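Engineer: okay, sequence plus prediction incoming.
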Amino acid sequence: MHCPQCKTEIADESLFCNKCGERLDPAAAGADADPPPAAETPAEKFREAASSRMGVKDEAEVELWRGGYSPKAMIGNWIASGLGGLVLLIVAFLWLRSSPLGFWLLVLAAFLPGLYNLAVFLYRKLSVRYLLTNQRFMHESGILRRVTNRIEVLDMDDIAFEQGLVERMMGVGTVRIHSSDVSHPEIFLRGIENVAEISNLIDNTRRTERRKRGLHIESI
């Protein structure tokens, strides 16, 4: 602030000029002082955050993980079908050897669960592909007709995984991804080997990309 009489610079809270002794008018002093900065509105904060993100250069897309349906996910099914088939074969050889029709029908029934499991495994193995990069998650499905879905890791909201008893023993399981993607808000990745590590990798990739982009607008 300056004295209105001698123009000497003085402190804002002074009542008298320390050079000429001029009494200062508090109202005039307040008018001469710089006004306090106006509080920044939420809209201005949002624009500022958006502008700062626009200045961040996109990094090169790097592949972090590629996977599919693991054979270990079918171990429980193979064990169950094997035991069931063995029981039917024992019954056929012990009690139905004298009846050719019943014998061969029971032998066929013993192998049907195994053939079914083989068909299910081949379909799941050949029909799904997963790819995770530092920016996107891609899910390919289908054999004759291939469909590729892409989800930005920024759009992922929650990552979790689940395992059955046999799956825990084999280290496989299902990864569940919740996202804000309109077409695929929820995706299940079944038969994933090292499911805990892969789930953590996807979640850490999501967190890293969000921190990098400053995507915490809800806190503004």
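Structural biologist: Thanks, I have it.

Engineer: give the buried residues for the helix or strand hosting L118.
Structural biologist: Taking DSSP states H and E as the definition, L118 sits inside helix 100-127. Applying a neighbour-count criterion of 16 or more other C-beta atoms under 10 Å, the buried positions in helix 100-127 are 103, 106, 110, 113, 117, 121, 124, 127. Using the backbone N, CA and C atoms, a C-beta is placed for each residue, glycine as well.

Engineer: wait, which of those is closest to E63?
Structural biologist: Nearest to E63 among the buried residues of helix 100-127: S127, at 21.1 Å, using C-beta to C-beta.

Engineer: residue nearest the centroid of the protein?
Structural biologist: Nearest to the mean C-alpha position of the chain, counting by C-alpha atoms, centre = their mean, stands M156 at 4.0 Å.

Engineer: the protein: strands as residue ranges?
Structural biologist: Ranges of strands in the chain, per DSSP state E, are 63-67, 128-133, 136-141, 147-152, 156-162, 172-179, 186-193.

Engineer: winner for burial among these?
Structural biologist: Of the strands of the chain, the one with the most neighbours on average (mean count of other C-beta atoms under 10 Å) is strand 172-179, at a mean of 21.

Engineer: and the average pLDDT for it is what?
Structural biologist: Across strand 172-179, pLDDT averages out at 94.

Engineer: re the thing from before, farthest-separated two in the buried residues of helix 100-127?
Structural biologist: It's F103 and S127 that sit farthest apart of the buried residues of helix 100-127, by C-beta to C-beta, at 36.7 Å.

Engineer: just to revisit the earlier point, isn't the residue nearest to the centre of the chain up against S199?
Structural biologist: No: counting by C-beta atoms under 8 Å, M156 does not reach S199; the two are 11.6 Å apart.

Engineer: from Y69, how far out is L122?
Structural biologist: Applying C-beta to C-beta, to the nearest Å, the value for L122 to Y69 is 10 Å.

Engineer: lowest average confidence, helix or strand, in the protein?
Structural biologist: Scoring the helices and strands of the chain by mean pLDDT, DSSP states H and E places helix 26-32 at the bottom, with a mean of 48.

Engineer: okay, now the unreliable bits of the chain?
Structural biologist: 1, 12-16, 18-19, 21-58, 215-220 (pLDDT under 70).

Engineer: how is it partitioned into domains?
Structural biologist: Here the domain assignment for the chain is 1-33, 63-211, based on automatic domain parsing.

Engineer: contacts only, for the nearest residue to Q163 once chain neighbours are set aside.
Structural biologist: Distances taken as C-beta to C-beta, 6 or more residues apart in numbering put G173 closest to Q163, at 3.7 Å, once the chain neighbours are dropped. G173 is in contact with 161-164, 167, 192, 195-196, counting by C-beta atoms under 8 Å, 6 or more residues apart in numbering.
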